[in-house]
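**Q** How does the following fold in three dimensions:
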Amino acid sequence: GIQVIDVGIAIDEFQTMISQVGTSGAITQLVNAQTGAYRGSITNTIPVSAGGWPNAPLAGITAGDFILDGSSQVLVLATGSRVAPLVVANPQLPGSSAVLYAPESISTEAGTLTSGASVTTATVGDKQIAVVTGTGTVADGNGGQSAVGNVLVVFDMTNPRQPIPMGFVALDAYGKSATILGGTVFVGTNDHTIMVSLTNPTHPVISGTIESFGGRLSITMEKTIWSADPNRQSVQSAQLEPAVIIKQVSIFSKLISGDINGSPEPPVFESVDDNYLEIQVVPYDSTIKNGLLTLNYSTQPPENIGLTYNEKGKAVFKLPVGKQITGDIIRAKATAIKGNGEVIEGKSRSIPVGTAILVMDFNNNTDVNEAEDLPLKKTNKTSRWYPG
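**A** Modelled structure (predicted):
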């Protein structure tokens, strides 16, 4: 079934639990289904009955705004791992009355869908759609159906009470998750990601794959796709459009004037070593040769530096030793220029600038205390002791 929670209440209950048993204990209570913790945040429980299951096991869930009975309404879409391959529910209605659509299976001449693993929704063109990955069949072109296998199904959600399956395509692996960007569905499998074009939603077409990149997927506004991959026990990212990335670096410097906290005067640092900013174009286009690096400082005028990219799409800029920098952050941004003159805009990178303050246990009383130890540091007096 489906449960609806009030996130505000859940956060309040979590904070209360932290005050009672600490953060670790609160997290333990959060993931322990037997304790009943945080159940006060549940505002609705919606049982989904299908195929003889009083509470059908569901594998994927999402929510979105749909036009229902002439007005906009947030609806929940889910998919069943054994039955009810597409469930539509209105979370504003209580209990089982919230279920608007939950067939045991879906069968058309174009294909069938018997169970689901993931569901997502988007607007493509002027049509609200839902996409479900799961198991089923696809029409074989000869009036029959393929063997049961992995499929992706596109639904017309114009009428949420009666979604219309409008497009089927077979997948080469089980689709564990799906997310949509523009007119493309990205389907995460165990070991790769399948891209499905929705240029014509009635005839979805495989348009490519991202190898060695799968699992649970999410896409950011910067058109970066993220993967939580339990097989590799890692989080990975892939760039969907060309981007210029400045690799993370810190500028270790000494304070020469001002206050490190910026009051009353902003700090002025001087770099103690050469620092190299590495700029990378991903994916690389062989027509890219040049670009621009812009460094913005807190109070100093910005610097614009011309870049030359090598055959691997990499450029390097050196900030020399002795460079004076006002403020503790440099905001850097780079561009790359393609052969046709198109400019690829880079992502902004905040580069920390600063020093390190080391306080030692100068009086050797096994307690690092600034009031006692800093005066000894200034007089260069230290003592040593060895346990007997």
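
**Q** What sits closest to L217 if chain neighbours are left out?
**A** G188 (4.2 Å; CB to CB, 6 or more residues apart in numbering). Using the backbone N, CA and C atoms, a C-beta is placed for each residue, glycine as well.

**Q** quick one: the one you found from P85, how far?
**A** G188 sits 18 Å away from P85, taking CB to CB, to the nearest Å as the criterion.

**Q** Dig out what the residue nearest to L217 forms beta bridges with.
**A** Partner residues in beta bridges with G188, using DSSP bridges, are S177, T193.

**Q** and the gap between it and A243?
**A** For G188 relative to A243 (CB to CB), the value is 21 Å.

**Q** S49 too?
**A** S49 sits 47 Å away from A243, going by CB to CB.

**Q** More neighbours: which of the two?
**A** A243 (19 against 16; other CB atoms under 10 Å).

**Q** Surely that one and K347 touch.
**A** Yes - under the criterion of CB atoms under 8 Å, A243 makes contact with K347 at 6.3 Å.

**Q** I'd like to know which helix or strand in the chain has the lowest mean pLDDT.
**A** In the chain, the helix or strand scored least confidently by mean pLDDT, DSSP states H and E is helix 370-378, which has a mean of 70.

**Q** if I pick L152, what's in contact with it?
**A** 131-133, 168-169, 171, 175, 178, 185, 187, 196, 204 (CB atoms under 8 Å, 6 or more residues apart in numbering).

**Q** Just list whatever residues bridge to it.
**A** Under the criterion DSSP bridges, L152 forms beta bridges with T133, V169.

**Q** so how far is I106 from it?
**A** Taken as CB to CB, the span from L152 to I106 is 13 Å.

**Q** Could you do L319 as well?
**A** Counting by CB to CB, the separation of L319 from I106 is 60 Å.

**Q** buried residues in the longest helix that the chain contains?
**A** When the chain is parsed with DSSP state H, its longest helix is helix 7-31. Buried residues in helix 7-31, counted by 16 or more other CB atoms under 10 Å: 10, 13-14, 17, 26, 29.

**Q** Repeat that for stretch 149-168.
**A** Across stretch 149-168, burial judged by 16+ other CB under 10 Å covers 150-157, 160, 163, 165-168.

**Q** again, but for stretch 284-294
**A** Applying 16+ other CB under 10 Å to stretch 284-294 flags 284-285, 288-289, 291-293 as buried.

**Q** distance between the ends of that stretch?
**A** 20 Å (CA to CA, to the nearest Å).

**Q** top strand in this protein by residue count?
**A** Looking across the chain with DSSP state E, the single longest strand is strand 111-124.

**Q** What average pLDDT does that one get?
**A** On average, the pLDDT along strand 111-124 is 94.

**Q** who does it pair up with?
**A** Going by DSSP bridges, the partners of strand 111-124 are strand 106-107 (antiparallel), strand 127-138 (antiparallel).

**Q** residue ranges with poor pLDDT in the stretch 51-200 of the chain?
**A** For the stretch 51-200 of the chain, no stretch is flagged by pLDDT under 70.

**Q** repeat that with 90
**A** Under the criterion pLDDT under 90, the flagged ranges of the stretch 51-200 of the chain are 51-57, 59, 80-84, 124-126, 140-148, 181-183, 191.

**Q** Contact partners for the spatially closest residue to S105 that is not a sequence neighbour?
**A** Nearest residue to S105, sequence neighbours excluded (CB to CB, 6+ apart): T114, at 4.9 Å. Shown in contact with T114 (CB under 8 Å, 6+ apart): 83, 85, 105-106, 134-136, 148.
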